[in-house]
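>>> Return atomic coordinates for the entry below.
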Amino acid sequence: MEPRYVDDCLVLDEDVMAVEVPASWGAEVSHQLRSTGPLGPILAIPGPRLRWLFLAQPDAEPEPRYVLPPDARYWRGPRRVPARASRWVVPPAGALPPVGAVRCAIRTVRRFP
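Next comes the predicted model:
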């Protein structure tokens with residue numbers, strides 16, 4: 001999957017998801033994710049609060065009942081994600097991690113503040 005931009009938006013294809021978190025969590029989430037497997041692309045999106053967007057592949061099974069913390073959100077493809085003036089923290093290369101691995105990394109980071 002090679003991400004593409006249209007009109008200052010990142011375009012997510014049907015088989016791609018993204019999980020957005022505050023940048024203050026980003027390094028810890030990426031560290032946790034890297035320890036469990038592949039680290040996929042991460043996009044930093046400026047705004048009133050800097051946000052990190054972790055690209056991932058959807059789970060094959062129905063989504064579990066895990067609810068993201070209030071400051072995080074899912075973006076499911078196909079969709080456009082506003083990403084004006086963004087930059088790659090980790091550039092796209094290779095396979096995407098499963099979204100379940102991203103959720104697990106967030107859960108670990110938020111459990112141990």
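
>>> any idea which element the most centrally placed residue in the chain lies in?
With distances taken as C-alpha atoms, centre = their mean, the residue of the chain nearest its centroid is residue 54 (1.8 Å). Assigned by DSSP states H and E, residue 54 belongs to strand 51-56.

>>> can you pull the contacts of the residue nearest to the centre of the chain?
Applying C-beta atoms under 8 Å, 6 or more residues apart in numbering to residue 54 gives the contacts 18, 19, 20, 21, 29, 30, 33, 40, 41, 42, 97, 102. All C-beta atoms are positioned from the backbone trio N, CA, C, and that covers glycine.

>>> Just the ones in strands from those, please.
Within the contacts of residue 54, residues falling in strands by DSSP state E are 18, 19, 20, 21, 42.

>>> Report the beta-bridge partners for the third one.
Read it as residue 20. residue 53, residue 73 (DSSP bridges).

>>> Next: residue 82.
Note on residue 82: beta-bridge partners residue 9, judged by DSSP bridges.

>>> ok, now which ones touch it?
8, 9, 45.

>>> Output these in TSV; the columns should cover pLDDT, distance to residue 90 and neighbour count.
Formatted as TSV, those follow (pLDDT from 0 to 100; distance: C-beta to C-beta, whole Å; neighbours: other C-beta atoms under 10 Å):
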residue	pLDDT	distance to residue 90	neighbour count
8	88	21	11
9	90	20	15
45	94	14	19
